[in-house]
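Enquirer: fold the stuff below for me.
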Amino acid sequence: MPETTWIASGKPEAAPDKFDLALAWIKKNRETFIGSVVILLAAAVFGVYFFIHYRDLRDTAWKNLFIAQQIGYQGNIPQAQQQLASIETSYGSTSAAPYATMTKGDILFAQGKFKEAGDEFAKIVNAKEIGAFALYNLGKSKESLGDLAGAQAQYSEFLSKSPEHFMAPEVHASLARTQELAGAKDLAKTTYEKIALLYPETAWAMQAKARLAQPAAPAKK
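Expert: You can find the predicted model right below:
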């Protein structure tokens, strides 16, 4: 039933329809209305353009990344590194860029260039999808350089940030190994015990128990 209002005579009068009120406002504020519509349309068009443009950039970046990886696997390291650097520069806003950096680090690590590899991994330790992997690889780079304290710091940071990560058992094992190599036997023992407790019935637990079962080396006189 239509809304009504009362006039002075006491007789009901039909209330203005909301659509009529809207039309009246538009007629009264015609320029404002047209301006708002133009702005909204422009925003919609820009949004669609940005989405399509970003999607095209992302697809191109991933294609280039795949090509660069194949080039690297075929042994043409300089060309692969150049292609990966180009992805970082030209497609830095896409999700492929961190993976390009990771690939650069992996190639350098495989070449034994642990310092350079670590520098690449350090760039992406906070990346959303692969930050944890980069953090662990940074630890491995430091360990390969003989920086046991630095490696332990990276492994510990990984476990602090990503305790439920599927690589956590391996990182625990790496932490225990570097602690042992650094002469921190008590810390290594605690880490091995943690592995056995957190990951029972796994190969990591078996290895940890084996290390715990080994007799301590006699102290040097």
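Enquirer: phi first, then psi, for the residue nearest the centre of the chain.
Expert: The centre of the chain sits closest to residue 128, judged by C-alpha atoms, centre = their mean, with a distance of 1.6 Å. Main-chain torsions, residue 128, degrees, to the nearest 10: phi -60, psi -50.
Enquirer: could you check the pLDDT of it?
Expert: You'll see residue 128 listed with a pLDDT of 88.
Enquirer: same thing with the one 10 residues further on?
Expert: On pLDDT, residue 138 comes in at 98.
Enquirer: for it, pull up the helix or strand it's in.
Expert: Using DSSP states H and E, residue 138 sits in helix 131-144.
Enquirer: can you list contacts of that helix?
Expert: Here helix 131-144 makes contact (C-beta atoms under 8 Å, 6 or more residues apart in numbering) with 98, 101-102, 105-106, 109, 114-115, 117-118, 121-125, 127, 148, 150-155, 157-158, 161-162, 165, 167, 170-171, 174, 178. Where you see a C-beta, it was placed from the backbone N, CA and C, and this is true even at glycine.
Enquirer: residues near the nearest residue to residue 58 once chain neighbours are set aside, how many?
Expert: Spatial nearest neighbour of residue 58, excluding adjacent residues (C-beta to C-beta, 6 or more residues apart in numbering): residue 94 at 4.5 Å. Number of residues near residue 94 (other C-beta atoms under 10 Å) recorded here: 20.
Enquirer: list the contacts for residue 94?
Expert: Contacts of residue 94 (C-beta under 8 Å, 6+ apart): 54, 57-58, 61-62.
Enquirer: from those, pick the one nearest residue 188.
Expert: residue 62 (41.7 Å; C-beta to C-beta).
Enquirer: element containing the closest one?
Expert: Per DSSP H and E: residue 62 is located in helix 30-73.
Enquirer: what do you get for residue 177?
Expert: Element membership of residue 177, judged by DSSP H and E, is helix 168-181.
Enquirer: domain assignment for the protein?
Expert: With domains defined by automatic domain parsing, the chain comprises 38-111, 124-213.
Enquirer: by mean pLDDT, show me the worst of the ones you listed.
Expert: domain 38-111 (a mean of 80).
Enquirer: and that domain, how far from the chain's centre?
Expert: 15 Å (C-alpha atoms, centre = their mean, to the nearest Å).
Enquirer: then stretch 168-182?
Expert: Chain-centre distance of stretch 168-182: 24 Å, with C-alpha atoms, centre = their mean.
Enquirer: which of the contacts of residue 94 sit farthest apart?
Expert: 54 and 62 (12.5 Å).
Enquirer: and the closest residue to residue 122 other than its chain neighbours, how far from residue 154?
Expert: The spatially closest residue to residue 122, leaving aside those adjacent along the chain, is residue 138, at 5.6 Å (C-beta to C-beta, 6+ apart). With distances taken as C-beta to C-beta, to the nearest Å, residue 138 is found 5 Å from residue 154.
Enquirer: that's a strand at residue 75, yeah?
Expert: No - Residue 75 sits outside any strand when classified using DSSP: H, G, I helix; E, B strand; the rest coil, being coil.
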